[in-house]
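J.: A predicted structure for the sequence below; I have some questions about it.
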Amino acid sequence: MPAEIIHLHQNVIREINKLVITQFGGERGLVNESSVEFIAERVKTLHEKLEFREKIVGKAAFYLFQIVRERHPFTDGNKRTGIIATEFFLFMNGHSLKYAQKEREKFLLELASKKKSSKQTAEWVRNGITEELAMPANLDAYRQKKV
């Protein structure tokens, strides 16, 4: 587990969306540039007084909720971008989600259609998070840059 939390830079979130669109199709573009900036900057100050695992849960839930439902910053691919960004954040911080693909899809559709709240998103992440993972050696350099 890293000594401090590694957040996703706004460029990483944008690149995840580009990869999603390249892989699965859709229209590239941003609905609102400031939404990606807001997400990337705001998450850094959230849940600072909580213990490490709860900080991770809260921040992961924030990425997911903001990208999929609240800010919806991209023209296409917000659900996939949201879950991939969330999982990448978790991975960089020594965690992952244990949910099967169908469970993820069901939750994402409910979240996107506003059937899930931010509190329910945090609970979903909390219930699905696994403990520490061994980091592959080739990611150590990336982790040191805190990108």
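T.: Everything's here; your move.

J.: Residue nearest the middle of the protein, spatially speaking?
T.: For the chain, the residue sitting closest to the mean C-alpha position, by Cα atoms, centre = their mean, is Thr86 at 2.0 Å.

J.: which secondary structure elements does the strand or helix carrying that one contact?
T.: Using DSSP states H and E, Thr86 falls within helix 78-92. With contacts taken as 3 or more Cβ pairs under 8 Å, 6 or more residues apart in numbering; DSSP states H and E, helix 78-92 sits against helix 10-24, helix 52-65, strand 96-97, helix 101-112. In this view, the C-beta of every residue, glycine as well, is placed from N, C-alpha and C.

J.: Kindly recompute the last result at 6 Å.
T.: With contacts defined as 3 or more Cβ pairs under 6 Å, 6 or more residues apart in numbering; DSSP states H and E, helix 78-92 has these neighbours: helix 10-24, helix 52-65, helix 101-112.

J.: now, of those helices, which is deepest in the fold?
T.: helix 52-65 (a mean of 22; mean count of other Cβ atoms under 10 Å).

J.: what angle separates that one from helix 10-24?
T.: 60 degrees (axes from the mean of the first three to the mean of the last three Cα atoms, to 10 degrees).

J.: Need the residues that contact helix 52-65.
T.: Residues from elsewhere that reach helix 52-65 (Cβ atoms under 6 Å, 6 or more residues apart in numbering): 43, 46-47, 82, 85-86, 89-90, 93, 95, 118, 121-122, 125-126.

J.: contacts for stretch 101-109?
T.: Residues from elsewhere that reach stretch 101-109, judged by Cβ under 6 Å, 6+ apart: Lys79, Ile83, Trp124.

J.: Would you mind confirming that Arg28 makes contact with Ile21?
T.: Yes: in this structure, Arg28 is within contact of Ile21 by Cβ atoms under 6 Å, at 5.1 Å.
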